[in-house]
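Undergrad: no FASTA, just this:
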DNA sequence: CTATTAAATAGACGGTGTCAATATGGGTTA
DNA sequence: TAACCCATATTGACACCGTCTATTTAATAG
């Protein structure tokens, strides 16, 4: 039960999780193999199965943790945000963009529906929580919008995710990523702010 | 030289390409393996290397063909479009959304920068052509916009791609994908149309 | 102390991409 | 026609991978 090596390892599950995250950041999701994980953790290749049923379960655990982090980041950002009507754009935008550019491989993994368990209840609950927070903020700050609020939410999240995904995939390399001195992503947020502002007039 | 089996196969390269596309549509990119390709084409597992250096080269060829298709679809749409100021939104939006929903696995592969050769000159040229067409249309129809035109282009493409990617990944399953009787993606295009229209006033 | 049970090991199987050595046969030249 | 060259196809090997099985280990419960 102690955290030390009880040689029945004790907290191998935590070690495996941490090592997996290290491998993900270093080598991308293709580098997160069960066998590399076992090697890196110093156990046999059959050991991880006792803690993660298969690779899908392992990757799903990694993804859930990341969505937890993003949700927390959003909530903290919202509670610290100004009263400006569209502060949510900065909060959600920054939370996602900062996370994506800091941990590109983690971000890419979030959307690898082919590798993780889409039926996982905790996972869908987490995504719903983030989405609901977004809709709540839109409802609070864009009440008179002439557009369906879900459409605004989907449009916003789509734009942020699409930008991140294209940038992180390496497919899209903007020749000049500065717009009048500001990064492109900041300009995207301002453009969206203008959209919801005009909706009021 | 004949198209028949000259047993030195004749046009194995074309056969391999077609079979690879069939495997992609049927099983996703994970199903496009060199060995499955060879099996399906009725040749030995070592045969494909004579026509595609490795799996990356094969997948890159598939991707290039799809971007050609999309470019053609955009060009045809533009030449057939009405004189409406923001017809380009429908044209580009429909070209990408239709392609994505019709061939989900092909669309996903387009952005798998980890699997294809990002240095391929034809590939980057094709993407540039599509992007330039988009910018040209924005310049023609949104001349007085107060936003940098590249920002509008990036915002638009990001929104479309992000929506498609989230939908096709299975991560994002909208509870109700209809907005007042219209599909969500149509509402997204209308929302964007409003954005660029307000920019004029 | 003993029995049970969770956890780690070792080995196997079928799959993958890729490389090297070999065999085949069409096209070109002598 | 005959001989050669060389692109193409085959075969086998190697090192990985995920996952399954049987086996051993050690911690814990009775």
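TA: Yes, it's here. Just so it is clear, the model here is predicted, and its values are computed rather than measured.

Undergrad: going forward, measure contacts and count neighbours with C-alpha atoms only.
TA: OK.

Undergrad: What is the distance between the least confident helix or strand in chain A by mean pLDDT and the centre of its chain?
TA: Ranked by mean pLDDT, DSSP states H and E, the weakest helix or strand in chain A is strand A:178-179, scoring a mean of 82. Remark: strand A:178-179 is offset 25 Å from the chain centroid, using C-alpha atoms, centre = their mean, to the nearest Å.

Undergrad: What is whatever helix or strand comes next after that strand packed up against?
TA: With elements assigned by DSSP states H and E, the helix or strand that comes after strand A:178-179 is strand A:182-183. Using 3 or more C-alpha pairs under 8 Å, 6 or more residues apart in numbering or on different chains; DSSP states H and E, no helix or strand is in contact with strand A:182-183.

Undergrad: which other residues reach strand A:182-183?
TA: With contact meaning C-alpha atoms under 8 Å, 6 or more residues apart in numbering or on different chains, strand A:182-183 is reached by residue A:177.

Undergrad: near DNA strand D at all, stretch A:34-52?
TA: Yes: judged by C-alpha under 7 Å from any atom of the strand, stretch A:34-52 comes into contact with DNA strand D at A:34-36, A:45-46.

Undergrad: ok so, going back, so what strands line up beside the least confident helix or strand of chain A?
TA: Pairing partners of strand A:178-179, with direction, according to DSSP bridges: strand A:182-183 (antiparallel).

Undergrad: For the partner strand, give the mean pLDDT please.
TA: Per-residue pLDDT over strand A:182-183 has a mean of 89.

Undergrad: still on that earlier bit, what would the residues of stretch A:34-52 next to DNA strand D look like in a markdown table with pLDDT?
TA: Converted to a markdown table, the residues of stretch A:34-52 next to DNA strand D look like this (pLDDT from 0 to 100):
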| residue | pLDDT |
| --- | --- |
| A:34 | 98 |
| A:35 | 98 |
| A:36 | 98 |
| A:45 | 98 |
| A:46 | 97 |
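
Undergrad: Show me which of those residues are buried.
TA: Those of the residues of stretch A:34-52 next to DNA strand D that meet the buried threshold are A:34-35, by 16 or more other C-alpha atoms under 10 Å in any protein chain shown.

Undergrad: Show me which of the residues of stretch A:34-52 next to DNA strand D is closest to DNA strand C.
TA: When these are compared for distance to DNA strand C (C-alpha to the nearest atom of the strand), residue A:46 wins out at 3.8 Å.

Undergrad: name the helices or strands packed onto the longest helix along chain A?
TA: As assigned by DSSP state H, the longest helix anywhere in chain A is helix A:55-79. With contacts defined as 3+ C-alpha pairs under 8 Å, 6+ apart, the packing partners of helix A:55-79 are helix A:12-27, helix A:87-102, helix A:104-110, helix A:121-141.

Undergrad: Now do the last one: which elements does it pack against?
TA: When contacts are defined as 3+ C-alpha pairs under 8 Å, 6+ apart, helix A:121-141 packs onto helix A:55-79, helix A:87-102, helix A:149-169.

Undergrad: Next: the second one.
TA: In terms of contacts (3+ C-alpha pairs under 8 Å, 6+ apart), helix A:87-102 is packed against helix A:55-79, helix A:104-110, helix A:121-141, helix A:149-169, helix A:184-198.

Undergrad: out of those helices, deepest packed?
TA: Of all those, helix A:149-169 carries the top mean neighbour count, a mean of 23, counting by mean count of other C-alpha atoms under 10 Å in any protein chain shown.

Undergrad: Please report the number of neighbouring residues for the closest residue to residue A:191 other than its chain neighbours.
TA: Leaving aside its chain neighbours, residue A:191 sits nearest to residue B:147 (7.4 Å; criterion: C-alpha to C-alpha, 6 or more residues apart in numbering or on different chains). Neighbourhood size, residue B:147 [other C-alpha atoms under 10 Å in any protein chain shown]: 17.

Undergrad: and the gap between residue B:147 and residue B:85?
TA: As judged by C-alpha to C-alpha, to the nearest Å, residue B:147 and residue B:85 stand 17 Å apart.

Undergrad: picking up where we left off before, ok so the residue nearest to residue A:191 is a helix residue?
TA: No: checked against DSSP: H, G, I helix; E, B strand; the rest coil, residue B:147 lies outside a helix; its state is coil.

Undergrad: What are the phi and psi values at it?
TA: phi -110, psi 150 (degrees, to the nearest 10).

Undergrad: Kindly report the same for residue A:111.
TA: According to degrees, to the nearest 10, residue A:111 has phi -110, psi 20.

Undergrad: Report the contact partners of it.
TA: By C-alpha under 8 Å, 6+ apart, the neighbours of residue A:111 are B:166, B:169, B:171.
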